[in-house]
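Participant: Here is a sequence with its predicted model. Questions after.
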Amino acid sequence: MDIDYSKWGLTEIVPLNRIKIATGKNMEVAWSTIPQVTQFDSADITKLFKLYKKIKTKLSGTKFSLISFYIKVLTKMLREFPSFNSSLSNNKDSVVLKKYINVGVAVDTDKGLLVPVIKNCEKKSLIEINDELNDLGKKAHLGNLKVEDLEGGTITISSLGGIGGTNFTPIVNPPQVAILGFSKAQDQLIL
């Protein structure tokens, strides 16, 4: 049922672009067909952050992201827990375990949320992953992603590092079975 919001004040109708419409439909399907489970936890990344700053200094002039580290760690974890790098078969009577690791990274653009995929992460160095992350991020913001840049993800990373916050519940991107969400890294006193 359409509601006439204008009876309470001025309104403006702004049509959604095709990316936002597709994202909304995909999230609605995901939410209603995939069991959504959220686990919040914290990790001490003091040593990782020191290494990150050291590498960032050495690569001055190149954008270097903590997400590159997260992808490398996630890649190692998926080797140990392969059920997170899988999909349910079409007839839902088996699980497809993938021997490759293609990590989708959620990118918020002016046109909407896009998830370009870094393929074969298990074969790439930290620097190669970072370079590809930067390249795909630029393409996403410029609207230059190709369909193949968005296909084949086996798991997704979503990060709210840019806007902050402490916890959030990202929605699994079908046919994947898991998504990993990171909030902004922060200094914390632990007694």
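Facilitator: Thanks, I have it.
Participant: Quick one, grab the pLDDT at the nearest residue to G161 once chain neighbours are set aside.
Facilitator: Nearest non-adjacent residue to G161, counting by Cβ to Cβ, 6 or more residues apart in numbering: K184, 4.6 Å away. C-beta here means a position set from N, CA and C on the backbone, and glycine is covered the same way. Reported pLDDT at K184 in the predicted model: 78.
Participant: K184 is in contact with L160, isn't it?
Facilitator: Yes - counting by Cβ atoms under 8 Å, K184 touches L160, with 6.5 Å between them.
Participant: of these two, who's got more company?
Facilitator: L160 (17 against 13; other Cβ atoms under 10 Å).
Participant: any idea how far M27 is from the residue nearest to G161?
Facilitator: Separation of K184 from M27 (Cβ to Cβ, to the nearest Å): 23 Å.
Participant: that's a strand at F49, yeah?
Facilitator: No - counting by DSSP: H, G, I helix; E, B strand; the rest coil, F49 is not part of a strand but helix.
Participant: So it is in contact with A185, correct?
Facilitator: Yes - counting by Cβ under 8 Å, F49 touches A185, with 6.7 Å between them.
Participant: so what's in contact with the two at the same time?
Facilitator: Common neighbours of F49 and A185, using Cβ atoms under 8 Å, 6 or more residues apart in numbering, are L66.
Participant: Hmm, I71 and I157 touching each other?
Facilitator: Yes - between I157 and I71 there is a contact under Cβ under 8 Å: 6.6 Å.
Participant: what is in contact with those two at once?
Facilitator: The contact sets of I157 and I71 overlap at 103, 105 (Cβ under 8 Å, 6+ apart).
Participant: if you count what's nearby, which of the two comes out ahead?
Facilitator: I71 (24 against 21).
Participant: Okay, now stretch 165-174: how far is its last residue from its first?
Facilitator: End-to-end distance of stretch 165-174: 25 Å, with Cα to Cα, to the nearest Å as the criterion.
Participant: So which bits of it are buried?
Facilitator: Buried residues in stretch 165-174, counted by 16 or more other Cβ atoms under 10 Å: 170-173.
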